[in-house]
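[1] what's the 3D shape of this:
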Amino acid sequence: MNVLTSRIQIALFVIIAAMIFLPVERAQATMGDGPRAYQLLPEGMKTLTVYGISTEGNQTANPGQIIKGADLDVNLGVLQYTHTFSIKGQQSAAFGILPFGEVNGSVNLPRNTLSASSSGIGDAQLGCVFGVIGSPALPAESFAVFKPGFAMGLLGKLGMPTGEY
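    Next comes the predicted model:
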């Protein structure tokens with residue numbers, strides 16, 4: 001059995017075990033999550049990223065999540081700090097995310113309309129990502145010429161209720 005096959009088997013075992021044994025009520029993507037939100041970078045990088053989310057309609061700040069009968073106005077900024085490093089030769093990163101902004105909305109119900117608004121700092125998040133397969137930790141010079149192939153990583157996030165509701 002080669003090293004790649006062994007790592008794939010270990011990674012799949014860890015993922016399946018986590019899905020079976022960890023208590024999860026509901027899993028969903030959150031602000032800014034997507035296929036490149038936690039893409040690993042060269043070893044030793046420290047990045048500060050700021051991006052915005054602005055929507056009007058019945059979609060929440062989470063892409064694809066809608067509320068039937070709602071009229072939402074979402075204007076958010078998201079600040080993310082990431083520091084990359086190596087764990088056993090694999091790319092890894094720790095990050096902190098702080099959303100801020102304003103959400104106004106109303107929902108039409110059969111007998112009345114509910115309206116609410118919230119502004120300020122949202123729920124802070126701390127997390128880490130670890131490249132399991134196909135993610136060698138590389139200095140910037142080597143990373144620039146690296147030809148990526150199949151890669152798999154593990155992501156963990158902790159949300160803290162720092163926002164207003």
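
[2] alpha carbons only for contacts and neighbour counts from here, please
    Fine.

[3] all helices of the chain, in order?
    For the chain, applying DSSP state H gives helices covering 3-21, 140-145.

[4] need the pLDDT of the residue of the chain most remote from its centre.
    Centroid-distance maximum for the chain: residue 111 at 37.4 Å, with CA atoms, centre = their mean. pLDDT recorded at residue 111 is 85.

[5] so how far is residue 67 from it?
    Distance, residue 111 to residue 67, by CA to CA, to the nearest Å: 17 Å.

[6] and what of residue 105?
    In terms of CA to CA, residue 105 sits 11 Å off from residue 67.

[7] could you pull up the residues touching the nearest residue to residue 97 once chain neighbours are set aside?
    Of all residues not flanking residue 97 in the chain, residue 80 sits nearest, at 4.4 Å (CA to CA, 6 or more residues apart in numbering). Counting by CA atoms under 8 Å, 6 or more residues apart in numbering, residue 80 makes contact with 47, 48, 49, 50, 95, 96, 97, 98.

[8] export those as CSV, with columns for pLDDT, neighbour count and distance to residue 122.
    Converted to CSV, the contacts of residue 80 look like this (pLDDT from 0 to 100; neighbours: other CA atoms under 10 Å; distance: CA to CA, whole Å):
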residue, pLDDT, neighbour count, distance to residue 122
47, 88, 13, 21
48, 89, 12, 18
49, 87, 10, 16
50, 88, 13, 14
95, 91, 19, 16
96, 91, 18, 13
97, 90, 21, 10
98, 91, 18, 7
